[in-house]
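Colleague: below is the structure, and that's it, no one-letter string:
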């Protein structure tokens, strides 16, 4: 299992219609991929979406590849620490890459190494980690901001997507405009569905604390399952995002969810201890891969916090099935939102009856389509 090659590439495909968050539109489906091959022919795949994708691939190709070639693929903790120290340790050279971008690059490599370990054992990632492959509850992520779309059309679009996957849980976007505007979006869905669905709302860091508290008071009657990332999460000398989150959590009856932009165990510990969150959304694909995910999941389990990881369900579903506090995965109408995923990853798991299957095949249960990467990708280093 000695590493013989490390490849990386990234793809960006325009969306049919821009789909917005509180801060602006999403216009393309973007993913960086990594593939590691061992001397005995095992191949592991990983993905990253956490930083500028060209920089993520540059880090993998120009720094991590040399660290990994010739090393044993099973030594995931050793490789994780070595990659992190090479760019972020006390003796590391000055680099233009942020910690966030470095951890995104580590994530892609780490996912691929775990894939190799599982394939060598002829087990799925879920089974390798001690879990049992089974259908995992999934919620639909819809209700984006689309230019000139009415509330009625937004609800109808989400209802159609929910029917296709048999969903009974839905997350929508709010945060633009006034508190009344956000309330109107939530009210439109409750009016249509009543109490028949589990409803969540994602603010995408749009509010300050007073606005968040005011809006939460308006939203409490609608029985949201959670409110996600109400305030900015970037720390400054004058602003502590976890304390701000805690103020909101203590001022409302709506459970708060966060963690997708908390990039390591230390940041997640602070969020749990001071942020008052009820759901952890740490993202293994953005932030350090399986190795860091397991540390955060164990910490949250010890504090009674369920795990509902952000995004990228085709990897996260294996991890949710493997941990005792795994709750749910976030899925999308891929024909509108993540147009690359079903084509880039043959073996992409299906959603049926509001659940995503956990593939019981070795590793992640997926591969990367070389022809798709060649047609649509920027091949930093990829087999042609």
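Modeller: Received the coordinates, thanks. In this text, all values refer to a predicted model and were calculated from it rather than measured experimentally.
Colleague: domain assignment for this structure?
Modeller: Domain assignment of the chain by automatic domain parsing yields the ranges 3-122+370-381, 128-356.
Colleague: endpoint to endpoint, the last one covers what distance?
Modeller: Translated: domain 128-356. Counting by CA to CA, to the nearest Å, you get 19 Å between the two ends of domain 128-356.
Colleague: please apply the same query to the shortest one.
Modeller: One end of domain 3-122+370-381 to the other measures 15 Å (CA to CA).
Colleague: distance between the lengthiest helix in the chain and the chain's centre?
Modeller: Taking DSSP state H as the criterion, the chain has its longest helix at helix 99-120. The chain centre lies 14 Å from the centre of helix 99-120; the measure is CA atoms, centre = their mean, to the nearest Å.
Colleague: just send the domains of the chain back as JSON lines, with mean pLDDT too.
Modeller: What follows is the domains of the chain, written out as JSON lines (pLDDT from 0 to 100):
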{"stretch": "domain 3-122+370-381", "mean pLDDT": "96"}
{"stretch": "domain 128-356", "mean pLDDT": "97"}
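Colleague: these: which one's closest to residue 362?
Modeller: Nearest to residue 362 among those is domain 3-122+370-381 (4.4 Å), distances taken as CB to CB. Where you see a C-beta, it was placed from the backbone N, CA and C, and this is true even at glycine.
Colleague: tally of neighbours for the closest residue to residue 55 other than its chain neighbours?
Modeller: Nearest residue to residue 55, sequence neighbours excluded (CB to CB, 6 or more residues apart in numbering): residue 101, at 5.3 Å. Neighbours of residue 101 under the rule other CB atoms under 10 Å: 22.
Colleague: list the contacts of residue 101.
Modeller: Contact partners of residue 101, counting by CB atoms under 8 Å, 6 or more residues apart in numbering, are 50, 51, 52, 55, 56, 59.
Colleague: check which helix or strand covers the fourth one.
Modeller: It refers to residue 55. According to DSSP states H and E, residue 55 maps onto helix 53-59.
Colleague: now for that helix, which elements pack on it?
Modeller: strand 3-21, strand 24-38, helix 99-120, strand 377-381 (3 or more CB pairs under 8 Å, 6 or more residues apart in numbering; DSSP states H and E).
Colleague: beyond that helix, next helix or strand please.
Modeller: Next element after helix 53-59 (DSSP H and E): helix 65-68.
Colleague: counting by contacts, list what that following helix packs against.
Modeller: Packing partners of helix 65-68 (3+ CB pairs under 8 Å, 6+ apart): strand 3-21, helix 76-88.
Colleague: which among those is found nearest to residue 203?
Modeller: strand 3-21 (9.1 Å).
Colleague: that closest one to strand 24-38, inter-axis angle?
Modeller: Relative orientation of strand 3-21 and strand 24-38, computed by axes from the mean of the first three to the mean of the last three CA atoms, to 10 degrees: 170 degrees.
Colleague: show me what strand 3-21 packs onto, helices and strands only.
Modeller: Checking 3+ CB pairs under 8 Å, 6+ apart, strand 3-21 ends up next to strand 24-38, helix 53-59, helix 65-68, helix 370-376, strand 377-381.
Colleague: all strands of the stretch 101-250 of the chain, in order?
Modeller: 136-141, 169-173, 198-202, 227-228 (DSSP state E, counting those that start in this stretch).
Colleague: okay if I get those strands as CSV plus distance to residue 214?
Modeller: Below are the strands of the stretch 101-250 of the chain laid out as CSV (distance: least, CB to CB, whole Å):
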stretch, distance to residue 214
strand 136-141, 25
strand 169-173, 19
strand 198-202, 15
strand 227-228, 13
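Colleague: out of these, deepest packed?
Modeller: Across these, averaging neighbours per residue (mean count of other CB atoms under 10 Å) puts strand 227-228 on top, at a mean of 26.
Colleague: parallel or antiparallel, which strands does that strand pair with?
Modeller: When pairing is defined by DSSP bridges, strand 227-228 lines up against strand 198-202 (parallel), strand 256-258 (parallel).
Colleague: okay if I get these as a markdown table plus distance to residue 267?
Modeller: Below are these laid out as a markdown table (distance: least, CB to CB, whole Å):
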| stretch | distance to residue 267 |
| --- | --- |
| strand 198-202 | 19 |
| strand 256-258 | 11 |
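Colleague: quick one: closest of these to residue 209.
Modeller: Short answer: strand 256-258, nearest of those by CB to CB, at 12.3 Å.
Colleague: show me the contact partners of the helix or strand just after that closest one.
Modeller: Later in the chain than strand 256-258, the nearest helix or strand by DSSP H and E is helix 265-275. Helix 265-275 is contacted from outside by 240-243, 245-246, 249, 256, 258-259, 262, 277, 280, 282, 292, 295-296, 299-300, 303, 305, using CB under 8 Å, 6+ apart.
Colleague: again, but for stretch 350-358
Modeller: So stretch 350-358 is contacted by 124, 126, 133-138, 165-169, 313, 317-318, 321, 329, 331, 349, 365 (CB under 8 Å, 6+ apart).
Colleague: from those residues, which would you call buried?
Modeller: Buried subset of the contacts of stretch 350-358 (neighbour count, 16 or more other CB atoms under 10 Å): 124, 126, 133, 135-138, 165, 167-169, 313, 317-318, 321, 329, 331, 349, 365.
Colleague: ok, residue 14 - contacts?
Modeller: So residue 14 contacts 27, 28, 29 (CB under 8 Å, 6+ apart).
Colleague: just give the closest residue to the first one, not the sequence neighbours.
Modeller: Just to be clear, that refers to residue 27. Residue 27's closest residue in space is residue 18 (CB to CB, 6+ apart), at 4.8 Å.
Colleague: and the gap between the one you found and residue 336?
Modeller: 10 Å (CB to CB, to the nearest Å).
Colleague: ditto for residue 256
Modeller: Residue 256 sits 28 Å away from residue 336, going by CB to CB.
Colleague: higher neighbour count, those two?
Modeller: residue 256 (24 against 17).
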